[in-house]
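K.L.:
Just need the structure, nothing else, for what follows:
(chains A and B)
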2 protein chains.
Amino acid sequence: MKALVFDGTISLREVPKPEPAAGEALINVLIAGICKTDLELTLGYMDFRGIPGHEFVGVVEHSPVSELVGSRVVGEINAGCGKCSYCLRGLERHCPERTVLGILNRKGTMAEYLTLPVSNLLRVPDSLPNEKAVFTEPLAAAMEILEQVMIRPADRVLVIGDGKLGLLVSMALRLTGCDLLLTGKHRHKLELFARTGGAVCMLSDLVRSGERFDIVVEASGSPSGWDLAVNSVRPRGAIVLKSTYHGNLDFNPAPLVIDEITVVGSRCGLFGPALRVMDLGLVDPTPLVEATYPLDEAEKAFAKAGERGALKVLLTV
Amino acid sequence: MKALVFDGTISLREVPKPEPAAGEALINVLIAGICKTDLELTLGYMDFRGIPGHEFVGVVEHSPVSELVGSRVVGEINAGCGKCSYCLRGLERHCPERTVLGILNRKGTMAEYLTLPVSNLLRVPDSLPNEKAVFTEPLAAAMEILEQVMIRPADRVLVIGDGKLGLLVSMALRLTGCDLLLTGKHRHKLELFARTGGAVCMLSDLVRSGERFDIVVEASGSPSGWDLAVNSVRPRGAIVLKSTYHGNLDFNPAPLVIDEITVVGSRCGLFGPALRVMDLGLVDPTPLVEATYPLDEAEKAFAKAGERGALKVLLTV
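P.N.:
So this is what the prediction gives:
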């Protein structure tokens, strides 16, 4: 089969079709998304080698659960051991033995085929076209915040960062009814959220206002975003760290102690809720699509996704 | 009256007796405690000038609430505006206009007299001698963790730091029934907790064990304590930051995001619960008393409290 492979450089190649292990399905990929994490993997993150990609919609070709064959599916990216205390609580995404699709010890989605445990798969409702359903994984990651932090309808929430993640987080969190403001440096990206009725604010204006928020989500991935978060949260409020950072943060923790701030690290989420809110029409991530390329042009797609300010780049297989 | 005054150096002086403002009581101090924060104030923290001290037991001499006159009291150290959203929720300790006894715009306890709003005062139960009741403030700060984080009886909890704060935190948190381990570098201090049946472990042994905990309380105030906390908490667990630090922390936040760790800054607590658990005999902090000096020897007491490894030093007035 054709697949994009990273072994220090990224290139499209002919590789063997994967063999599903016990309990796994073989899935024919229809569409895959390129995420910032994929770009970081090719810059050395996790010492990754192999087929990248963890966002996809596909059709089940073989499955030990025969009713799934022929179904259009998405798949949770963390495959746990099924036996540890995390897996037993539905937290496979924290299983210490987990493999992670296209990230850790499991071949990814930028290929004609992939394998995943049947228990990771969810049927895609007919209402959702591929280019919407392919956002299930990043939207689930955005909604993970709601699994971790109680956001009340009366809360004032700030989302820092107008990239894909910040936009999806804003779309997800405003479903709580909270009073949400998205801030960033790119007028045209803020506009995507504003066009759907969302409140937005250029970063420079926010810094001047000095307003304090109940909850601040740091989704910019820049150290200046962290500094802004600390300066924007009210006493006893919460900062959600949604991005990893290149390198270390250097900061004075005294304000966190004095103001009793809670900082919550947040990563992957469950797919069911993400599919539900898209199926209900409550979140439509398709305005985030920047460009779509066939798998044959995957190298070009990767270059496009790496351009400064690019939003979501999709690959059709 | 006599008072200890810091104006760049610390010295005992004759100063005017304070005049209570509207709604305030005049309190004759019986005993005062020296806290690590007091030592830091004399090293430049908060640009403090004046009478330090925020731990005390006293007798009300004048009060607009006449029934209080003659009562033995302790007093919450944060005096709020009484009107803001924090004060209205009982969170005077986060009022942006607050004064703080012996720390911020309010003369402290290391003197013959002090003033506090009547609403800050709590009567001391007869069962509690002065040398126990004087621990109300630091024990309340330890119990603040229980206001912020749910600690379940089945939780495995690690407290890092065998100083006064770590010991009080350990005494308070084990009331939840949790499986608590106190770790530190000083065998004789760990022994104070072990003698009451507490589980303790030298830091070097813990580092070797590599065990992971549901909740880790960082009460050592050292950057290595923070590093240990990050390495000792399980995925989805919580780190409570109970100490401020000299200077900045430099760390990689990626593990907090990947493992979805929650970091909770924690400062002052409510006095009522602290008095209750001491009155019930559930916590006895008196083994932490290192030495007691009369106010006339306050300078000597301060020097003693500043000695490496010193526990609680008290001043009788």
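K.L.:
quick one: buried residues of the lowest-mean-pLDDT helix or strand in chain A?
P.N.:
Lowest by mean pLDDT, DSSP states H and E among the helices and strands of chain A is strand A:249-251, with a mean of 82. The neighbour-count check on strand A:249-251 (16 or more other CB atoms under 10 Å in any protein chain shown) flags A:Leu249, A:Phe251 as buried. Using the backbone N, CA and C atoms, a C-beta is placed for each residue, glycine as well.
K.L.:
Now do that strand: everything it contacts.
P.N.:
Contacting residues not belonging to strand A:249-251 are listed as A:Pro223, A:Trp226, A:Asp227, A:Val230, B:Asn248, B:Leu249, B:Asp250, B:Phe251, B:Asn252, B:Pro253 [CB atoms under 8 Å, 6 or more residues apart in numbering or on different chains].
K.L.:
Pull out the buried members of the residues you listed.
P.N.:
Buried members of those, counted by 16+ other CB under 10 Å: A:Pro223, A:Trp226, A:Val230, B:Leu249, B:Phe251, B:Pro253.
K.L.:
closest to B:Gly210 among those?
P.N.:
B:Phe251 (19.1 Å; CB to CB).
K.L.:
Might you calculate how far the least confident helix or strand of chain A sits from the centre of the chain?
P.N.:
Taking CA atoms, centre = their mean, to the nearest Å, one finds the center of strand A:249-251 at 25 Å from the center of the full chain.
K.L.:
picking up where we left off before, adding distance to B:Asp126, write the buried ones among the contacts of strand A:249-251 out as TSV.
P.N.:
Output for those, formatted as TSV (distance: CB to CB, whole Å):
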residue	distance to B:Asp126
A:Pro223	55
A:Trp226	51
A:Val230	45
B:Leu249	45
B:Phe251	48
B:Pro253	50
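K.L.:
Can you pick out the most distant pair from those residues?
P.N.:
Using CB to CB, the two most remote members of these are A:Val230 and B:Phe251, lying 14.3 Å apart.
K.L.:
I'd like the contacts of strand A:249-251 laid out as a markdown table, including distance to B:Leu241.
P.N.:
Converted to a markdown table, those look like this (distance: CB to CB, whole Å):
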| residue | distance to B:Leu241 |
| --- | --- |
| A:Pro223 | 19 |
| A:Trp226 | 16 |
| A:Asp227 | 18 |
| A:Val230 | 13 |
| B:Asn248 | 14 |
| B:Leu249 | 10 |
| B:Asp250 | 15 |
| B:Phe251 | 12 |
| B:Asn252 | 17 |
| B:Pro253 | 14 |
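K.L.:
which one among those gets closest to B:Glu40?
P.N.:
Taking CB to CB as the measure, B:Glu40 sits nearest to B:Asn248 out of the contacts of strand A:249-251, at 15.9 Å.
K.L.:
Per-residue pLDDT of the closest one, please?
P.N.:
Note for B:Asn248: predicted pLDDT of 82.
K.L.:
ok, now which ones touch it?
P.N.:
B:Asn248 sits next to A:Asp250, A:Phe251, A:Asn252, A:Pro253 when contact means CB under 8 Å, 6+ apart.
K.L.:
Do you have the strands of the stretch 151-300 of chain A handy? List them.
P.N.:
A:156-160, A:179-184, A:199-202, A:213-218, A:233-241, A:249-251, A:262-265, A:289-294 (DSSP state E, counting those that start in this stretch).
K.L.:
Mean pLDDT lowest where, among the ones you listed?
P.N.:
Among these, strand A:249-251 scores lowest, at a mean of 82.
K.L.:
Strand partners (parallel or antiparallel) of that strand?
P.N.:
Pairing partners of strand A:249-251, with direction, according to DSSP bridges: strand B:249-251 (antiparallel).
K.L.:
Around chain B, which positions in the stretch 201-317 of chain A sit nearby?
P.N.:
A:226, A:235-236, A:241-245, A:247-267 (CB under 8 Å from any CB of the partner chain).
K.L.:
try 7 Å this time
P.N.:
Residues of the stretch 201-317 of chain A lying close to chain B by CB under 7 Å from any CB of the partner chain are A:235-236, A:241, A:244-245, A:248-254, A:256-267.
K.L.:
filter those to the buried ones?
P.N.:
Neighbour-count burial (16+ other CB under 10 Å) is assigned, among these, to A:235-236, A:241, A:244-245, A:249, A:251, A:253-254, A:256-257, A:259-267.
K.L.:
Count the neighbours of A:Ser127 for me.
P.N.:
A count of nearby residues for A:Ser127, using other CB atoms under 10 Å in any protein chain shown, gives 12.
K.L.:
Repeat that for A:Gly272.
P.N.:
A:Gly272 - counted by other CB under 10 Å - has 12 other residues nearby.
K.L.:
nearest residue to it other than its sequence neighbours?
P.N.:
Among residues not flanking A:Gly272 along the chain, A:Leu122 sits closest, at 6.5 Å (CB to CB, 6 or more residues apart in numbering or on different chains).
K.L.:
Centre-most residue in chain A?
P.N.:
Compute the mean C-alpha point of chain A, and by CA atoms, centre = their mean the closest residue is A:Pro138, 2.6 Å away.
K.L.:
Please confirm that it is located within a helix.
P.N.:
Yes: under DSSP: H, G, I helix; E, B strand; the rest coil, A:Pro138 sits within a helix.
K.L.:
mind checking how far A:Val217 is from chain B?
P.N.:
12 Å (CB to the nearest CB, to the nearest Å).
K.L.:
name the element the residue nearest to A:Gly272 belongs to?
P.N.:
strand A:121-123 (DSSP states H and E).
K.L.:
ok so, going back, closest one of the contacts of strand A:249-251 to A:Arg89?
P.N.:
Nearest member of the contacts of strand A:249-251 to A:Arg89, counting by CB to CB, is B:Pro253, at 24.8 Å.
K.L.:
Thanks a lot, see you next time.
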